[in-house]
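Peer 1: here is a sequence with its predicted model. Questions after.
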Amino acid sequence: MNTSHSRRQFLTTTSLATATALTGSRATGKNTETPTVSLEGRIFKAVKGGKKRNESPLEFFTRLKNLGFDGVESGNAKQAADYAKASQETGVMFHGMVCGWHWGTRLSSPNPDTRAKGLAMMKQNIQDTHRLGGSSVLLVPGKVNGANETHDHVWHRSITEVRKVLPLASRLGVRVLIETVWNGFCETPDKFRDYLDAFDNPWVGAYFDIGNMQKFAPAEEWIRTLGHRTVKLDIKDWGKKNGFCRLGEGDVDWDKVRAALKEVGFSGWATREGSDKSIEDTSSLIDQLMIGKKG
């Protein structure tokens, strides 16, 4: 065996590998040994609304498609046929509805008439979502609000009311997704997980808001604790110094968020709530931070 030749070959191979690694590190600014986690193909990108006055559903969906969005979380059930046609022509979808009444007409209210009114509106939201072809309604279940709406009140009253609509939800194929918000309720990952499990029903899940819960624990911790319970995501950033802000300018560690989502096997809708410099900016930031697209 030619020892000197083997040594020269080893040194040459090692030098080339090192040079390649260094070049990759300089080009990306990242450690090439820990590549960026990509959720491409697993995330469907959406916005909460943005339809202009006098803009038809087809014009709206075409604009969203041109901006790189897959869907929207708002719609007019009276225009269900127009929305269906627009979706068929563009591929952009209506994916769900927000229960816009849930703060003022709380299911945790001590007033049974208020709870009954909220229940009726939730039933309507489920029916409207079904007509528009969506798969979920987003619900804030209540608010801890003094002696008449304690944490226990919100827990038990909301579970009692939501259970009443689950036969309708399951029949129409529309899930009731509980959003994580600043309502004084279940503000740790473990408590929120246990609240969802108390329903013991597959038609109830989590609508996890990434930025909202950063205040209480890192978003990636929430994601891992909630696991399969998270059905949809709100995309938002928040920081101790600047509050709710442009994506990427808060305290959310997006690399860790993507890694946690991949770890729990998440695939589904992710909807931007809030605004950035422009809707074009939002689209680009979601691609970069939420999905992990390169370039």
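Peer 2: That came in fine, so what should we check first?
Peer 1: partner residues bridging the one residue sitting closest to the centre of the chain?
Peer 2: Per C-alpha atoms, centre = their mean, the C-alpha nearest to the average position across the chain is that of Leu233, at 0.9 Å. For Leu233, the beta-bridge assignment (DSSP bridges) gives partners Phe208, Ala270.
Peer 1: ok, it - contacts?
Peer 2: The contact partners of Leu233, by C-beta atoms under 8 Å, 6 or more residues apart in numbering, come to 207-210, 266, 268-271. C-beta here means a position set from N, CA and C on the backbone, and glycine is covered the same way.
Peer 1: just name the closest of the residues you listed to Arg175, please.
Peer 2: Tyr207 (9.3 Å; C-beta to C-beta).
Peer 1: might one say that Gly268 is in contact with Lys45?
Peer 2: No - because the distance of 11.1 Å does not satisfy C-beta atoms under 8 Å, Gly268 is recorded as not touching Lys45.
Peer 1: the two: which is more packed in?
Peer 2: Using other C-beta atoms under 10 Å as the criterion, Gly268 and Lys45 rank with Lys45 on top: 21 against 15.
Peer 1: residue ranges in the stretch 1-150 of the chain under the pLDDT threshold?
Peer 2: When residues are selected by pLDDT under 70, those of the stretch 1-150 of the chain lie in 1-35.
Peer 1: how about the helices in the stretch 1-150 of the chain?
Peer 2: Under the criterion DSSP state H, counting those that start in this stretch, the stretch 1-150 of the chain contains helices at 3-28, 57-66, 80-90, 112-132.
Peer 1: show me what the second one is packed against.
Peer 2: Secondary-structure packing of helix 57-66 (3 or more C-beta pairs under 8 Å, 6 or more residues apart in numbering; DSSP states H and E): strand 71-72, helix 80-90.
Peer 1: closest one to Glu187 among those?
Peer 2: strand 71-72 (29.2 Å).
Peer 1: mind giving me the packing neighbours of the closest one?
Peer 2: Strand 71-72 makes packing contacts with strand 43-47, helix 57-66, strand 93-94 when contacts are defined by 3+ C-beta pairs under 8 Å, 6+ apart.
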